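Trainee: give me the fold of what follows.
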Amino acid sequence: MEPIQERSVEDINTIFKRFDIRFNPEKYKLHYPEGMFRKASVLIPLCFKNGEYHLILTLRSENLTHHAGYVAFPGGMCDETDKDEIATALREAEEEIGLNPKDVEIIGVFSPGIVKPNSIVYPVIGIVSSDFKPVINENEVSLVFELPLRRFLSTERRRISIFRSSIFATYHVHHFIDHVNGTEVDTWGFTASFCIMTALGIYQTDQSFCFYEDFITNKDTLFEPVPTRHIIEQTNKLTSKL
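Mentor: As a prediction, this is how the structure comes out:
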């Protein structure tokens, strides 16, 4: 893998601004019929430790109804009192891991992905203080851990599975296997793809990844809504036939 350069927060802001839906709504904002999906947001929390960026991730409680035991970003469903996607992500992060919203520097809000069963999930990247100490809500989270961001540009302990949806398309599902405090964790699917895109953006390497059909994601096509738009179009077609 090519050499990786750590960047200042100012540089990161500049890199991600062109993908931020707040500044580029015509290109990155998605439109879909009301009621088609449940809206959610996640916070992608970055902290700078030991000379490099790390991602703060969670292992969801086994007691949850959806995605129990999965590696995830802190986040959840939009509440009617939330002002926007940022408010949702920050509120959920505070509820799940005790992260004070005042201690997060927002980098950007990006085009969403779709998560089963019917959620459209907006990623919000934020910088968190390196001395943050999580307070775990055990009803929702069983573990909070950190991994170096550069880990998601490595092929070490990575595998890719191919899933063909009978309705929509072919998915290339990336899995990153790690051991944290004696626990094996598998970061995959939605979470893995946004870990990769965050790393590509910050480190600006020339690597490329495929997550959906033959659409290639690289440093110039981060957060492109091509896959999500396709799913929305196919869902519309199916709905219109019912």
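
Trainee: tell me where the chain has helices.
Mentor: Using DSSP state H, the helices of the chain run over residues 9-17, 25-28, 85-97, 189-203, 226-241.

Trainee: counting by contacts, list what the longest one packs against.
Mentor: By that I understand helix 226-241. If you count contacts as 3 or more CB pairs under 8 Å, 6 or more residues apart in numbering; DSSP states H and E, helix 226-241 packs onto strand 113-115, strand 209-212. For glycine as for every other residue, the C-beta is placed from the backbone atoms N, C-alpha and C.

Trainee: check the offset of that helix from the chain's centre.
Mentor: 22 Å (CA atoms, centre = their mean, to the nearest Å).

Trainee: where does pLDDT dip in this protein?
Mentor: Scanning the chain with the threshold set as pLDDT under 70 gives 1-5, 64-65, 166-168, 238-242.

Trainee: can you tell me the centre-most residue of it?
Mentor: For the chain, the residue nearest the mean C-alpha position is F194 (3.8 Å; CA atoms, centre = their mean).

Trainee: what's the local residue count around the nearest residue in space to that one that is not next to it in sequence?
Mentor: Once flanking residues are discounted, F194 sits nearest to P123: 5.1 Å by CB to CB, 6 or more residues apart in numbering. The local packing of P123 (other CB atoms under 10 Å) involves 25 other residues.

Trainee: quick check: bridge partners of P123?
Mentor: When bridges are called by DSSP bridges, P123 pairs up with V42.

Trainee: pretty sure it contacts V115?
Mentor: No. With contact defined as CB atoms under 8 Å, P123 and V115 do not form a contacting pair (11.2 Å).

Trainee: circling back: which one of the helices of the chain lies nearest to F37?
Mentor: Among these, the nearest to F37 by CB to CB is helix 226-241 (8.3 Å).

Trainee: F215 and R229 touch, don't they?
Mentor: No. Taking CB under 8 Å as the definition, F215 is not a contact partner of R229, at 10.7 Å.

Trainee: gap between the residue nearest to the centre of the chain and S130?
Mentor: Per CB to CB, to the nearest Å, F194 is found 21 Å from S130.
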